[in-house]
Structures are given as structure tokens and as C-alpha cells.
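**Student:** A structural model of the following input is requested.
(chains A and B)
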Amino acid sequence: AQKVTQAQTEISVVEKEDVTLDCVYETRDTTYYLFWYKQPPSGELVFLIRRNSFDEQNEISGRYSWNFQKSTSSFNFTITASQVVDSAVYFCALIPYYQGGSEKLVFGKGTKLTVNP
Amino acid sequence: NAGVTQTPKFQVLKTGQSMTLQCAQDMNHNSMYWYRQDPGMGLRLIYYSASEGTTDKGEVPNGYNVSRLNKREFSLRLESAAPSQTSVYFCASPSGGARIDTQYFGPGTRLTVL
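**Tutor:** Residues are numbered from 1 along each chain as shown, chains lettered A, B, ... in the order given. This next block holds a predicted model:
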């Protein structure tokens, strides 16, 4: 069975604090893909990053960084020096490689991040 | 997100009414998806279409039907709306030519069933 767990339902920080959003996944497949999406208060879903299971290299994009660890089945997301504009719901998602021909996303329930000024 | 459009953006229905949500993509990809988002539940797959002319059930298909009209368009129909179908509905389509592509989402349809 495929499953994504985001244990933190809500996080509240003060601007300029660093914050880490946790994501733990379960899959029996050896090949899979992991994603993070952002949903700001306006409601749209914005793609942030994609990582495949063979690439454990951490990634940094500006204030955003991602830590992928296969040994703990985790794909955590860190925002450095958070800003009010980072306030959103963040979703972690998984696509197992083989699904009979279609790439169905399995989502976690999301973490709502509030950054206070 | 550029490439996936949905109509309408908002809709209020009475129990028992029917409606069709429209989705179109211009990314020239074979696959299209319908998800629903409920508070505290993340997004769950309703139906998907791996290619023109094919559709398959996802995690929560009951109460819905779909039509893959052509490569660009994938519609979701509620034949007899129920309050439990109050939700935000997202259509998605991948972009790219890889085996597993990134899915991009439309702006969503916020549906309320009274």
C-alpha cells in the first residue's frame, strides 16, 4: 500500500524563523517519485519540487531546501528565514513507478504553515 | 497554473441536481486526473484517464461519472448531487515526455451542495 504521512497538521512561526515540514512515505516499490506542492490562501496548487528514488541528493532553491532520506523514508522540507508569503498549506505526495499505466498521486493530508510578522 | 483550465470556479447546487465540471489542458499529454480536496483530507483521486478513450476509477469514484471527450478535455459529472460532494475539485494533467511527469493543476472548482 502507498501512503504519505504529514504528522504536523499546523505549524505557526514568527517571520525569519527556520521551519521544517516533515513527510514520511510508505511504498513497496523500489522506484518512486516524491513531490511537494504549495497551496497558498488563494487556493491554487503550486508545484515546488520532484525527486525520484534514485536521487538522494539534497536540493536547495533559494530559501527552500529538501532532505530526502531513503533509510528513514522521509522527504522533509525546510524553509529558511521564513516570510509571511510562505504562509500556505504544503502537501507532500508520492507516485509509485508502476501503477498499471497511470501516474496517480498519493497525497499526504497537508501541513498548514502560518508565518506571523 | 498555466496549461490546465477549469470551469466553473464556483457552483452552488441543491441536493439532487446535476452538473458537469469541465477541464481542458494544452500540454498535449495523454493523462488527465480529477481530485477532490476536503478539509483535513488532502487530495483524493476520483477518476483518471490514461489516454483518450479510456477512464478508470480512483480512490473515491462513487457518485461521479467522467468523459474523456478528446485529448484536451476531461469532464466530471455529478448526476444527483449530495451534500457529501461539497468539496473543491481539481483537474490535473502532467507535462513533459518522461515516463513519470509532474502533474500540474487547474485553479479548482469550489462546489457547495445544499
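
**Student:** residues contacting B:Val12?
**Tutor:** Taking Cβ atoms under 8 Å, 6 or more residues apart in numbering or on different chains as the criterion, B:Val12 is in contact with B:111-114. The way it works is simple: take the backbone N, C-alpha and C, and place the C-beta from them, glycine included.

**Student:** from B:Met19, how far off is it?
**Tutor:** Using Cβ to Cβ, to the nearest Å, we find B:Val12 at a distance of 10 Å from B:Met19.

**Student:** what is in contact with the two at once?
**Tutor:** Counting by Cβ under 8 Å, 6+ apart, the residues touching both B:Val12 and B:Met19 are B:Leu111.

**Student:** residues contacting residue 8?
**Tutor:** You didn't say which chain, so I picked chain A. A:21-22, A:111.

**Student:** you answered for a different chain; I wanted chain B.
**Tutor:** B:21, B:109.

**Student:** next, it: phi, psi?
**Tutor:** Per-residue torsions, B:Pro8: phi -80, psi 180 (degrees, to the nearest 10).

**Student:** so where's chain B shaky on pLDDT?
**Tutor:** Applying pLDDT under 70 to chain B flags residues B:1-2, B:97-99.

**Student:** ranges for the strands of chain A?
**Tutor:** A:3-5, A:10-14, A:19-21, A:24-26, A:32-39, A:46-52, A:59-61, A:64-69, A:74-79, A:88-96, A:106-107, A:111-116 (DSSP state E).

**Student:** closest to chain B out of the contacts of A:Gln8?
**Tutor:** Of all these, A:Thr111 has the smallest distance to chain B: 10.4 Å, by Cβ to the nearest Cβ.

**Student:** sorry, back to before: any chance of the contacts of A:Gln8 in CSV, with distance to B:Ser80, neighbour count and pLDDT too?
**Tutor:** Converted to CSV, the contacts of A:Gln8 look like this (distance: Cβ to Cβ, whole Å; neighbours: other Cβ atoms under 10 Å in any protein chain shown; pLDDT from 0 to 100):
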residue, distance to B:Ser80, neighbour count, pLDDT
A:Leu21, 39, 22, 98
A:Asp22, 41, 16, 98
A:Thr111, 35, 21, 97
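
**Student:** got the contact list for the residue nearest to B:Tyr64 when sequence neighbours are not counted?
**Tutor:** Excluding the flanking residues, the one nearest B:Tyr64 by Cβ to Cβ, 6 or more residues apart in numbering or on different chains is B:Ile46, at 5.5 Å. Contact analysis of B:Ile46 by Cβ under 8 Å, 6+ apart lists B:34-36, B:58-61, B:64, B:66, B:76, B:89.

**Student:** where's the most centrally placed residue in chain B relative to A:Phe68, distance?
**Tutor:** Central residue of chain B (Cα atoms, centre = their mean): B:Trp34, 2.8 Å from the mean position. Here B:Trp34 is placed at a distance of 29 Å from A:Phe68 (Cβ to Cβ).
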